[in-house]
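A.B. asks: I would like to see how this sequence folds:
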Amino acid sequence: MERIIGDCVLKIANDLQNPPKHLYCDRRVTLLGASFLNTHIIAIVGGSGSGKTTVAQALLDECKAQGYSATLISQDNFYNPVGHPLSNYDQPQALELALLHNKLVELKSGQTVDIPTYDFVTHRRLNTTISIKPTEVGIDEEIFLLSYPKLTTVFDTSIYLEVDPAECFKRRLLRDQIKRGREPKDIERQYLSQVKPGFEKYIHPFADQATHTIEQLPDNLAAFLKNILSSTTN
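C.D. replies: Modelled structure (predicted):
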């Protein structure tokens with residue numbers, strides 16, 4: 001048994017130094033007969049209205065088009081269940097980021113994770129959870145991912161969306177009127193008092209920690225994804 005374990009350790013060390021060409025054709029690791037997926041976590045970060053959801057969904061679709069199993073994790077599931085509307089949704093304290101970190105670590109280790117569901121009407125968590133099985137790629141879309149140090153150690157790739165704040169505000173103004181039925185003056189008030197200060201304090205100062213910075217979806221998304229998955233930082 002000791003010899004078998006020793007041989008496995010040597011093989012893993014050799015693979016890390018000389019990864020096989022098919023590494024991302026199947027990110028499945030086998031150790032002593034046990035097989036699990038080594039999930040590549042991609043973080044999508046940017047200010048409100050920068051296009052995080054659009055980029056995340058496009059990458060998810062491209063992953064599946066290229067034959068990778070992939071899943072999407074949203075920040076909306078990790079708001080703190082306080083039982084009343086939060087006074088400020090644009091600061092890290094609004095989210096249970098430690099729980100998100102733990103779930104991503106479990107996912108990377110090959111475990112199926114149960115993600116909480118948040119009710120924006122009661123501002124509490126529902127009794128039901130979302131079960132997510134390990135996949136080759138996990139895409140996490142959230143505004144504060146780079147400002148929480150523990151989370152950055154989990155990401156294999158982090159993409160920061162560098163979009164003109166004026167454009168972000170225009171998108172948010174339109175979105176909140178159409179999807180949330182809010183008045184323009186109320187949207188502007190919240191943007192100036194909470195969204196903009198939160199961006200300047202918790203999001204933009206950490207942009208240089210991202211492994212990639214883009215302004216919009218790359219024209220050649222297929223090549224962009226292949227480049228991301230050609231190496232891993234963790």
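A.B. asks: So the residue sitting nearest the centre point of the chain, which state does it fall into?
C.D. replies: For the chain, the residue nearest the mean C-alpha position is residue 140 (1.5 Å; CA atoms, centre = their mean). Recorded secondary structure, residue 140: strand (DSSP: H, G, I helix; E, B strand; the rest coil).
A.B. asks: which residues does the residue nearest to it when sequence neighbours are not counted contact?
C.D. replies: Distances taken as CB to CB, 6 or more residues apart in numbering place residue 73 nearest to residue 140, at 4.7 Å, with adjacent residues excluded. All C-beta atoms are positioned from the backbone trio N, CA, C, and that covers glycine. Shown in contact with residue 73 (CB atoms under 8 Å, 6 or more residues apart in numbering): 100, 103-104, 115, 132, 138-141.
A.B. asks: Would you confirm that residue 204 contacts residue 46?
C.D. replies: No: counting by CB atoms under 8 Å, no contact exists between residue 204 and residue 46, whose distance comes to 9.2 Å.
A.B. asks: Can you pull out the residues in contact with whichever strand or helix holds residue 227?
C.D. replies: Assessed by DSSP states H and E, residue 227 sits inside helix 221-228. Helix 221-228 has contacts (CB under 8 Å, 6+ apart) with 40, 42, 58-59, 62-63, 65-66, 157, 212, 218.
A.B. asks: Likewise for stretch 132-140?
C.D. replies: Contacts to stretch 132-140, defined as CB under 8 Å, 6+ apart, come from residues 24, 26-27, 36-37, 39-44, 56, 59-60, 63, 68-73, 100, 104, 107-108, 110-115, 155, 229.
A.B. asks: Could you count how many residues lie near residue 223?
C.D. replies: The number of residues packed near residue 223 is 10, by other CB atoms under 10 Å.
A.B. asks: From residue 173, how far out is it?
C.D. replies: Residue 223 sits 34 Å away from residue 173, going by CB to CB, to the nearest Å.
A.B. asks: bridging residues for the residue nearest to the centre of the chain?
C.D. replies: Beta-bridge partners of residue 140, counted by DSSP bridges, are residue 43, residue 73.
A.B. asks: Tell me the pLDDT of it.
C.D. replies: Looking at residue 140, its pLDDT is 95.
A.B. asks: And residue 80, by the same measure?
C.D. replies: At residue 80, pLDDT is 88.
A.B. asks: How about it: what's its closest non-neighbour residue?
C.D. replies: residue 96 (5.5 Å).
A.B. asks: Touching, the one you found and residue 76? I think so.
C.D. replies: No: counting by CB under 8 Å, residue 96 does not reach residue 76; the two are 11.9 Å apart.
A.B. asks: neighbour-wise, which of those two wins?
C.D. replies: Legend: neighbour count by other CB under 10 Å for residue 96 and residue 76, higher for residue 96 (17 against 12).
A.B. asks: how much space between residue 83 and residue 206?
C.D. replies: Residue 83 is 30 Å from residue 206, where distance means CB to CB.
A.B. asks: out of these two, which sits in the busier spot?
C.D. replies: It is residue 206, of residue 83 and residue 206, that has more neighbours when counted by other CB under 10 Å, with 19 against 8.
A.B. asks: for whichever strand in the chain runs longest, what is the average pLDDT?
C.D. replies: Criterion DSSP state E: the longest strand present in the chain is strand 124-132. Averaged over strand 124-132, pLDDT sits at 92.
A.B. asks: The chain: strands as residue ranges?
C.D. replies: Ranges of strands in the chain, per DSSP E, are 28-31, 34-37, 40-45, 70-74, 113-119, 124-132, 137-141, 157-161, 212-214.
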